[in-house]
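Peer 1: Here is my input, please return the structure:
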Amino acid sequence: MINFIYSQILFYLAIAIVLFIPGYFLLLAIFGKSKVLTALESFVISFGLSIIIVDILLILLDRFGVIFNASSILISIFVFIIICYTIFLIRKKSEENEQKNFILLDYSKKQASLIILIIVFSILIRAIFLFGTITPTGTDLGHHMFWTKKIIETGKIPTYEKTDIIEKDGAYSISEPAKIDDFIIGEHLIFASIGLISKNNVVSAFPSLVLFLINIMGILAIFILSERLFSFLPYGKNISITALFLLGSLFALSGSQGNFISGGVIGNLIGNLFIPLIFYFFLRAVQEKNALLFFLGIFGAFGLAYTHHLSTFLFVFSLASSIFLILIFSGKEIFLEIKKWLALIFSPLALSVIFLSLLFLFFVKIPGYVENQAVKTIIGEPTRATKAGLSLEQIFSVAGESRTAIGIAGVIIFLLFVRKRKYQSAIILGWFFSIFILSWKPTLFNIDIPSARIGNYLIYPLILSGAFALNWILFECLFDKKNNKYYINKNLSAIIFIILLLYVSTSGFFSEARSIQAKSPNSKFIETFAVSRYLAEHTEKSDVILKDHNYVSADSWMKVFLMRDYNYPFTRGFFFRYDAKNKEQCTLWMISEPKSSRSQKCFTETGINFVVVNPAYDSSQFNDSEHFWKIYSSNLIETYYKK
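Peer 2: Reported below is the predicted structural model:
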């Protein structure tokens, strides 16, 4: 019991040290004790900045040959804190007589209570959902934790590569390790840091708990962005609260919310935290002509580039679209607008962070997807139907029917009535239209990315525009501000608003209900973990294992126990994947028809001598063969050894 309590204390200390303290001290160095940021803004921004800071620190440690362990990580964070605090003391002395400009967002007691209630409910509904899925079984999470564990075990940044089964001239063999582009180091350093400091095993609840925290912070990032976006409206705070309710409570599980936490979709969750934060920095920087906030915007974009390539690509596209619309909406003032942006870009702070970013890029570490020229893999005609674009019906399904409907209503209102607010309109419209077009008609831009993955990013701009639309209908469409009364009966106005809110709420909770599926018994993944330990202890590195992904639960976690190669054990993937051209067939044949001559040829040439399957689907073909011995058996999983 004492050991458990100690491990929990150590885990939460690691969370604070890695995910909050570095960012807090960076903000302290930049803004001092001024009230440029509210307490909530400082809290959320500290979290996002901490991820970037720790990633940079560990990349620097690796560049200089320092092995990652609890001591080296803690010392590097401590040195960073000392540097930031020294800068704070110097600036405090030189600026103690200066007047600080700030915008303080005050909420009424009722509004504050409602915000707290929504946040608590948002956390609660996710916690209830994750209670049955907190165990590490997600496929994507298994893939990510392989690299996290590799960092923990080796104490350095891994080379992202894998072996594969290849065919050449009718013969099958296992390839030499080849570089892969699906992973970026920023996705794993945070988890490795927490694991090294807290001594937690990656095969535990800790990765999901960290993702849970990232998701909550992403929701709060949308909240603080909406505060600044709609601060020009007298009911702007109501819009922020509505956005928090829509994203936090109504859509807590579906899309890029709870399902991404349990599935371990790390890059998307971090991207959905960084993108609104970067928009927040740039919006305030341009509106307030604040070089410090512009500096943080560039710093945030730099950190995103080392964390998730798809999020980076979509953010750059969205930002470019937003800037283009700002210039369009500026009209005759376009040159004044350009001058304002150039003044920020060529400020000493912006130039310094750009210069340091370039130095880091060229002399410390290039993101893997740039180094491996992975950009080429997303440019070109779509190679599969899933990359050719979503229909409007599919977009409604991916983003949510009511969320899309009310969000598009908000987009239309911005286009027709709010164009004079160029920054707000440009961000909402640029963010929405860029992702909408890329998910609907990617062929227009020659993009080869799964359209459904892009479509998931529509949720955040739709939430913002939808929250605006609901409140605009009540306070602008139905209310006569000149006479301080509603155009139609007040009660009828309230009924119209409630009907719209119920429509969104009903659809939202229905979407939640569909996300909650019957949980698999724990015995399923426990058996997978048990056979993984057995194989780790009773096989040599020269042995080659094949497993089935279709019917074996949590099979991606087998590699975390074996730690021999990212693609080890080899996998019989989903059956539809074998319809693709140039897709090797050995992994399909060796399980589906192990006695056939072609599968025997595959066994011989690849050296595969262990096969892991679900006995309910794939046992008879092995039991009937004299070439296989059953060495591990249960009701849920069996392992065969090829003689």
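
Peer 1: Just the buried residues of stretch 313-321, please?
Peer 2: 313-315, 317-319, 321 (16 or more other Cβ atoms under 10 Å). Every residue, glycine included, has its C-beta placed from N, CA and C.

Peer 1: backbone phi and psi for P177, please?
Peer 2: Backbone torsions of P177, given as degrees, to the nearest 10, read phi -60, psi 130.

Peer 1: where does this protein have low pLDDT?
Peer 2: 1, 93-105, 132-134, 182, 252-256, 258, 368-389, 418-419, 445-450, 477-523 (pLDDT under 70).

Peer 1: Per the annotation, how does it divide into domains?
Peer 2: Using automatic domain parsing, the domain ranges for the chain come out as 2-137+187-515, 522-642.

Peer 1: any chance of the ones you listed in TSV, plus distance to E167?
Peer 2: Output for the domains of the chain, formatted as TSV (distance: least, Cβ to Cβ, whole Å):
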stretch	distance to E167
domain 2-137+187-515	19
domain 522-642	6
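
Peer 1: mind listing the strands in the stretch 151-300 of the chain by residue range?
Peer 2: 161-162, 165-168, 171-174, 178-179 (DSSP state E, counting those that start in this stretch).

Peer 1: now the closest residue to L220 other than its chain neighbours: how far from F274?
Peer 2: Computed as Cβ to Cβ, 6 or more residues apart in numbering, the closest residue to L220 that is not its neighbour in sequence is V44, at 4.7 Å. Using Cβ to Cβ, to the nearest Å, V44 is found at 11 Å from F274.

Peer 1: what do you get for I427?
Peer 2: According to Cβ to Cβ, I427 stands 15 Å off from F274.

Peer 1: More neighbours: those two, which one.
Peer 2: I427 (29 against 25; other Cβ atoms under 10 Å).

Peer 1: which SSE is that one in?
Peer 2: I427 is part of helix 422-440, with elements assigned from DSSP states H and E.

Peer 1: Pull the number of nearby residues for the closest residue to S46 other than its chain neighbours.
Peer 2: Using Cβ to Cβ, 6+ apart and skipping the chain neighbours, the partner closest in space to S46 is G23 (3.5 Å). When neighbours are counted by other Cβ under 10 Å, G23 registers 23.

Peer 1: so which helix or strand takes in G23?
Peer 2: Short version, using DSSP H and E: G23 is in helix 21-31.

Peer 1: roughly how far out does that helix sit from the chain middle?
Peer 2: How far helix 21-31 lies from its chain's middle: 24 Å, per Cα atoms, centre = their mean, to the nearest Å.

Peer 1: picking up where we left off before, for T163, find the nearest of the domains of the chain.
Peer 2: When these are compared by Cβ to Cβ, domain 522-642 sits nearest T163, at 5.4 Å.

Peer 1: now the closest one, how far from the chain's geometric center?
Peer 2: The answer for domain 522-642 is 31 Å, by Cα atoms, centre = their mean.

Peer 1: for stretch 283-301, same thing?
Peer 2: 23 Å.

Peer 1: Alpha carbons of it, as CSV, please.
Peer 2: The C-alpha coordinates for stretch 283-301 follow below in CSV (Å, rounded to 0.1, in the frame of the first residue of the first chain):
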residue,chain,number,x,y,z
LEU,A,283,-4.8,37.1,-32.7
ARG,A,284,-3.8,39.0,-29.5
ALA,A,285,-0.4,39.9,-30.9
VAL,A,286,-1.9,41.6,-34.0
GLN,A,287,-4.8,43.2,-32.2
GLU,A,288,-2.6,44.5,-29.3
LYS,A,289,0.6,45.0,-31.4
ASN,A,290,2.3,42.8,-28.8
ALA,A,291,5.7,41.4,-29.9
LEU,A,292,5.9,39.1,-26.8
LEU,A,293,2.6,37.3,-27.8
PHE,A,294,3.8,37.1,-31.4
PHE,A,295,7.0,35.5,-30.1
LEU,A,296,4.9,32.9,-28.3
GLY,A,297,2.9,32.3,-31.5
ILE,A,298,6.1,31.5,-33.5
PHE,A,299,7.5,29.4,-30.6
GLY,A,300,4.2,27.4,-30.5
ALA,A,301,4.3,26.8,-34.2
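
Peer 1: Would you mind listing the buried residues in that stretch?
Peer 2: Neighbour-count burial for stretch 283-301 flags 283-288, 290-301 (criterion: 16+ other Cβ under 10 Å).

Peer 1: Mind checking which of these land in helices?
Peer 2: Secondary structure from DSSP state H places 283-288, 291-301 of the buried residues of stretch 283-301 in helices.

Peer 1: Tell me which residues touch the nearest residue to E337 once chain neighbours are set aside, please.
Peer 2: Distance criterion Cβ to Cβ, 6+ apart; nearest residue to E337, sequence neighbours excluded, is S330 at 4.3 Å. S330 makes contact with 336-337, 422, according to Cβ atoms under 8 Å, 6 or more residues apart in numbering.
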